[in-house]
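Chemist: Please find the sequence and the predicted model below.
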Amino acid sequence: MQENMQPITIKPAMSLRGEIVVPGDKSISHRSIMLGSLANGTTTIGNFLRGEDNFSTMGAFRSMGVPIEDDGRIITVRGVGLHGLEEPEDVLDCGNSGTTIRLMSGLLSGQSFFSVLTGDKYLRKRPMKRVVEPLTKMGARIAGRGGGTLAPLAITGGSLSGIDYNSPIASAQVKSALMLAGLYASGETRVTEPSISRDHSERMFRFFGADLDILEKSVVVRGGKELKAQDIVVPGDISSAAFFIVAALIMPGSELLIKNVGVNPTRTGVIDILQAMGASIILQDEREVSGEPVADILVRHSRLKGIEIGGDVVPRAIDEFPAICVAASVAEGRTVIKDARELRVKETDRIAAIAAGLRAVGSGDIAENDDGMEIEGVEQLKGGTVESFGDHRIAMSLSIAALASRAELHIDDVSPVTTSFPGFFDILQKVAVR
Ligand code: S3P
């Protein structure tokens, strides 16, 4: 076993009952540090996600001279203005965070200094061409391994020009990298996507007073406009809530209220998919906080049935597929997932990883396809021994599968869970009725 691996054994439970709060949204937390750093004035961030990925973003901005304080409750970012970042003395370590490395590559392309971005062994395998190629078209000078397609990426900042880019993939990371570069580019930077990906950057750019137009599947950023500091409260992360939503759905007798969850329509694909499978999920007290829709989510155990999932809903649920697959594994009939090739290039190949995990715990027949998978539901999973493949969402998805299994489950390593959801196992312990 590797030195810092953290194995766990999870025992089955009868149901999930109670009321929980999940930590702040990972995507919004990243963006709040980034825009707060580039704004003029002091930004405060409440309910910031204190996960490893967000600490990577925070560390990078501190290394570029941005004073960022954390009093345990509120994060205070003393913005340095659009042109106030300093050349970092050392390589910027993005850890496991794709959002950090891809968004920063756009931002750093427009600076007047040199920087290098790298990350852990998983991040160094993930495709960077998707950002390097369009940024190069804007005039960015980026070198990297594999002909500039893999981290470490070395960026020689300089002047950029806006482009009109038709992205071949629906990716908020690609879109946001170009939007951040667009803040520094001459003219207009336009990004058009095949389907809408999460729009947190658009909302936060607007919140901070950037000059942009938001169209149906496009965003247009005009550079040069100074950003104004804001007070932000980050909603709970629907991607974190998703594990508990699925767990409550598949365990008889469950009733769970998840308070204060972000329900931005570009993120609620998981709710739409599960409702189509027959789930009882009710949004209560819908409101808006810091430009983002928020609600409380009430979930009750439901008999789920297999469905076909594909098309525009896929990018709206992209991080939730491991949890959705767990739901499918105990649904009646067959679930078919397609148009989800992106799952192959997440923190790990999530199609292969979740298929391996579910097979190991006694799922029905699973077929892996290039762009998705097919899962035959069974009455109940049986427990066993599985691997997390260093992926936080695989670890958490298999943990909830364990609750609904006949026998206990051993997971080789749940240390990656702190990437996005510190406190996951404490909450699980609190609401699991045994
Ligand atoms: C994210 C975008 C998505 C998502 C990731 C966070 C973001 O990635 O999977 O967890 O914060 O912009 P892609 O842009 O690669 O789809």
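Modeler: In hand now; what should we look at?
Chemist: Let me see the domain layout of this protein.
Modeler: Following automatic domain parsing, one finds the domains of the chain at 8-24+235-433, 26-233.
Chemist: Just checking the distance from the shortest one to the centre of its chain.
Modeler: Okay, so that is domain 26-233. Relative to its chain's centre, domain 26-233 lies at 15 Å (CA atoms, centre = their mean, to the nearest Å).
Chemist: do stretch 337-347 as well
Modeler: Using CA atoms, centre = their mean, the offset of stretch 337-347 from its chain centre is 14 Å.
Chemist: quick one on the thing from earlier: with mean pLDDT as extra columns, can I get the domains of the chain in a markdown table?
Modeler: Below are the domains of the chain laid out as a markdown table (pLDDT from 0 to 100):
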| stretch | mean pLDDT |
| --- | --- |
| domain 8-24+235-433 | 98 |
| domain 26-233 | 98 |
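Chemist: Now mean neighbour count and distance to the ligand too, for those, in JSON lines please.
Modeler: Every C-beta, even on glycine, is put in place using the N, C-alpha and C of the backbone. Compiled in JSON lines, those are given as follows (neighbours: other CB atoms under 10 Å; distance: least, CB to the nearest ligand atom, whole Å):
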{"stretch": "domain 8-24+235-433", "mean neighbour count": "21", "distance to the ligand": "5"}
{"stretch": "domain 26-233", "mean neighbour count": "20", "distance to the ligand": "3"}
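Chemist: Span of stretch 33-45 from start to end?
Modeler: In terms of CA to CA, to the nearest Å, the two terminal residues of stretch 33-45 are separated by 8 Å.
Chemist: can you list the residues that contact it?
Modeler: 29, 32, 54, 57-58, 61, 64, 66, 68, 74-82, 85, 103, 107, 180, 183, 204-205, 207-208, 226-234 (CB atoms under 8 Å, 6 or more residues apart in numbering).
Chemist: Also stretch 172-180?
Modeler: With CB under 8 Å, 6+ apart, stretch 172-180 has contacts from 27, 31, 34, 98-99, 102-103, 105-107, 110, 130-131, 134-135, 138, 163, 165, 167, 189, 191, 193, 197-202, 205, 212, 219, 221.
Chemist: if you set the cut-off to 7 Å instead, what comes out?
Modeler: Contacts with stretch 172-180, where a contact means CB atoms under 7 Å, 6 or more residues apart in numbering, come from 98-99, 102-103, 105-107, 130-131, 134-135, 165, 167, 189, 191, 193, 197-198, 201, 205, 219, 221.
Chemist: go on, stretch 206-223?
Modeler: 35, 39, 175, 179, 182-186, 188-193, 196, 202, 205, 225, 227-228, 230, 290-291.
Chemist: related to what we said a few turns ago, from the contacts of stretch 172-180, which ones fall inside helices?
Modeler: If you go by DSSP state H, these have 98-99, 102-103, 105-107, 130-131, 134-135, 201, 205 in helices.
Chemist: Reformat the residues you listed as CSV; add distance to Phe421.
Modeler: Output for the ones in helices among the contacts of stretch 172-180, formatted as CSV (distance: CB to CB, whole Å):
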residue, distance to Phe421
Gly98, 16
Thr99, 15
Arg102, 21
Leu103, 21
Ser105, 26
Gly106, 26
Leu107, 26
Arg130, 26
Val131, 26
Pro134, 31
Leu135, 31
Ser201, 22
Phe205, 27
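Chemist: gap between Gly306 and Val330?
Modeler: 10 Å (CB to CB, to the nearest Å).
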